[in-house]
Every structure is written in C-alpha cells, then in structure tokens.
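Q: Sequence isn't available, so here's the structure alone:
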C-alpha cells in the first residue's frame, strides 16, 4: 500500500468517529475508512473517540480494539467484511425450504409464548464471529496507553423504552436525559449483539438483568455520545442515501413491503435531524457571549450516493436460500430488495458496498481532511 503524506493529522482527543448501522449495508463504512487510511500517515491515530450503533457498533468496537494501528485495523476490517457470508452471521430453526412448514414453525413458536423463540433468525454465528474477530481486552490496553479516549456502543432498553449507551473510557462518563442515558461499562460481545439485535429478526440480549435491542430503535440523538465523550469535531458515516422525492405509485402493497418499511423506520438513524440540530446550535453560539458553556462542533456526514436496493439487485445470484425463505415467509414482492440490502451478507455485494464507500469518501476528501488536518 502507498502511504500519502499530504496532510498533517491532529493527534488529540478532539475528533470523533460516528458509525450508524444497517446490517450488511454497514460494509459501506469499511470502504470510507479504507479511503481515510490511505490519506493519513502511517502510525497516525485519526480518531480518539469512536461511537457506534446497530451494525456500526461492530466496526466501532473493532477500531477501538486496534486504535494503536489504524491502517492495520482498517485492512483487517476490509478483509472481514469482504469475505463474510450469511451463514457466518445468522441461521434459523424456523425457516425451511417448505413454505407451509415455515409458517407452522413460526406459529408454534408464537403459541409457546414466553417459552418460544422471540425472533425468526438466530444470531449465534455472529456471536462466534465477533469472539474471534474482536479482542475486547485490547480496548482497555488502547485506553491505558492513550491511543483511545472513549468508545461508545448504543443499544435500546426494551423494559425502559430508552436509548442506552455503554461507554468504555478514560473519562468518568455518565449521563441521563429524556429517554436516553449513558453508563460506563467494560465492553464485551454481548454489547455488540444487543446493539445489532433488530426486533423480530434477532433476539434481544440480556445485560445486567435487562433486555436490550438494536441501537437505532430510539436513537434520536446519534451524535450525542461522541460529543459527551469529548469530541469537538465529528466525522459521521451513514448508510442511507438521501430520500428520493419521487414517489412510486403502486396498486398493492404486500406484508413484506410493509415489513421492509417498518425495518427502515426501525433503522432510521436520525443523523440528518441531529446534524441539523447541531448546525442550529453552532449558529446560536456565534451570536452569544464566548463565556457560554456551549461549544462549536464541526461535523461532516459521508453517505452513499447510490440506492442500495438497486445495488443488491445486481448481486441477486448470491442470495442464500435462508434469505429467500425469509422473504417468501413475509411475502416480499419486487424481489424484496429493500430487506435484502440489509440481510444479504455475501462477498460480491459486500465488496461492492466497500468500493462504493471508498468512492463516496473520495468525492468528499477535501472536506474530510479539513476536519482531520491540524488547524
């Protein structure tokens, strides 16, 4: 790899990296990080505060555990995403090749009540993968040696209907606001499994006697954890393209289409809403006394410039049987591309997402480096 030295990178605790999530789409973030790793000098540590939610929590934890070797971490992350297959992420005891049998299995689980399964898919393969890929003890090593200042993983508490962010940090950090709080805790696989547990699809995870699910569920302030951890500049990597103003007219909408829309709503990361709020606060700060406790936060959002539903269609030949069975069970029409773009963990599609991330980051190189370079 060729290392570029065109910029001086600021080496302090001020720059925060925020990673939202969305299942397989999260491979896009690896491509953005690959581009950044090519622009910074060998040995640089561009992010001292890292925050992740949903599948973005996986990338956040991996970077935090390897904060002392950013380029190596990104290279290994690219390999992990680029060689991933669906069977390494989830399995199912409910889905079968026989549609009617799958329906019977699902009905039987519902009929069992609390003793039955509380999700269609089983995420045990992902848990095994994370145990192998993420050395959680290295997070504390990086904290102790000041390669990292804080890492935050956001989940949703089902019992309290509250966004809960677990923070491992050099700082004494805790907060509680309306429907969201931060608690200091040593991170483990269970925190990542909780943050990635999409309701209905994956089972909730028990942590400290409470059940937690996907970190995007009630995440109305996705920028907040990094700011509370001390970040003064933010680089945010989202996985949703800007919504198209064109509305497609349809004569019928299936249960699967409704489920896909619900999933989109669940994984709606509020990045744009929170960033707009941040911009208003920045404007307010310019018009008040400098003695105010409020501080100006620079930010940039890198997002995909393509529709992932169209991209995943190109790789339909990779779609594994278990995903086709799920799409059939919930009655997805139009090939189920929306849901497929979240749940198809196959090399061709994932590498295309990585390439797209790299390309979209390159388009914003100057703006990204304006955040990273020394001022």
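A: Everything's here; your move. All figures in this text were calculated on a predicted structure; none of them were measured in a lab.

Q: by contact count, what packs against the host helix or strand of residue 51?
A: Assigning secondary structure by DSSP states H and E places residue 51 in strand 49-53. Packing partners of strand 49-53 (3 or more C-beta pairs under 8 Å, 6 or more residues apart in numbering; DSSP states H and E): strand 15-19, helix 56-65, strand 150-157, helix 224-228. To be clear about C-beta, it is placed using only N, CA and C from the backbone, and glycine gets the same treatment.

Q: So which of the ones you listed is nearest residue 119?
A: Proximity to residue 119 (C-beta to C-beta) singles out strand 150-157 among the helices and strands packed on strand 49-53, at 14.8 Å.

Q: can you give me how far that closest one is from the chain middle?
A: 11 Å (C-alpha atoms, centre = their mean, to the nearest Å).

Q: Repeat that for stretch 182-196.
A: That offset, for stretch 182-196, works out to 13 Å (C-alpha atoms, centre = their mean).

Q: Would you map the helices across the stretch 101-250 of the chain?
A: 124-133, 137-144, 189-195, 224-228 (DSSP state H, counting those that start in this stretch).

Q: Next, the buried residues of the first one.
A: By that I understand helix 124-133. Neighbour-count burial for helix 124-133 flags 125-126, 129-130 (criterion: 16 or more other C-beta atoms under 10 Å).

Q: what's the closest of the helices and strands packed on strand 49-53 to residue 194?
A: Using C-beta to C-beta, the nearest of those to residue 194 is strand 150-157, at 4.4 Å.

Q: Buried residues, that closest one. List them.
A: Per 16+ other C-beta under 10 Å, strand 150-157 contains these buried residues: 150-157.

Q: thinking again about what came up before, could you dump the helices and strands packed on strand 49-53 into JSON lines and include mean pLDDT and distance to residue 201?
A: Conversion of the helices and strands packed on strand 49-53 to JSON lines gives the following (pLDDT from 0 to 100; distance: least, C-beta to C-beta, whole Å):
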{"stretch": "strand 15-19", "mean pLDDT": "94", "distance to residue 201": "20"}
{"stretch": "helix 56-65", "mean pLDDT": "96", "distance to residue 201": "16"}
{"stretch": "strand 150-157", "mean pLDDT": "94", "distance to residue 201": "14"}
{"stretch": "helix 224-228", "mean pLDDT": "87", "distance to residue 201": "24"}
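
Q: Relative to residue 240, which of the helices of the stretch 101-250 of the chain is closest?
A: helix 189-195 (17.4 Å).

Q: other SSEs contacting the closest one?
A: helix 56-65, helix 124-133, strand 150-157, strand 205-207, strand 210-213.

Q: Other residues contacting it?
A: For helix 189-195, the external contacting residues (C-beta atoms under 8 Å, 6 or more residues apart in numbering) are 21, 52-54, 57-58, 61, 123, 126-127, 130-131, 134, 136, 153-155, 166, 185, 204-207, 212-215.

Q: When you filter these down to buried only, what's left?
A: For the contacts of helix 189-195, buried by 16+ other C-beta under 10 Å: 21, 52-54, 57-58, 61, 123, 126, 130, 134, 136, 153-155, 166, 185, 204-205, 207, 212-215.

Q: mind listing the strands for the stretch 151-300 of the chain?
A: Counting by DSSP state E, counting those that start in this stretch, one finds strands in the stretch 151-300 of the chain at the ranges 162-169, 175-177, 180-184, 205-207, 210-213, 233-237, 298-302.

Q: Mind putting those into CSV with mean pLDDT and distance to residue 42?
A: Converted to CSV, those look like this (pLDDT from 0 to 100; distance: least, C-beta to C-beta, whole Å):
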stretch, mean pLDDT, distance to residue 42
strand 162-169, 93, 26
strand 175-177, 86, 36
strand 180-184, 91, 33
strand 205-207, 94, 37
strand 210-213, 92, 38
strand 233-237, 91, 20
strand 298-302, 86, 23
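
Q: mind listing what residue 365 touches?
A: 35, 39 are the contacts of residue 365 under C-beta under 8 Å, 6+ apart.

Q: Could you report the distance from it to residue 339?
A: 33 Å (C-beta to C-beta, to the nearest Å).

Q: repeat for residue 167
A: 32 Å.

Q: Between these two, which is the more surrounded one?
A: residue 339 (25 against 22; other C-beta atoms under 10 Å).

Q: how much space between the more buried one and residue 241?
A: From residue 339 over to residue 241 (counting by C-beta to C-beta), the distance is 16 Å.

Q: Check residue 309 too.
A: On the measure of C-beta to C-beta, residue 309 and residue 241 end up 10 Å apart.

Q: What of residue 53?
A: Distance from residue 53 to residue 241, by C-beta to C-beta: 18 Å.

Q: What of residue 130?
A: From residue 130 to residue 241 the distance is 28 Å (C-beta to C-beta).

Q: Equivalent analysis for residue 90, please.
A: 25 Å.
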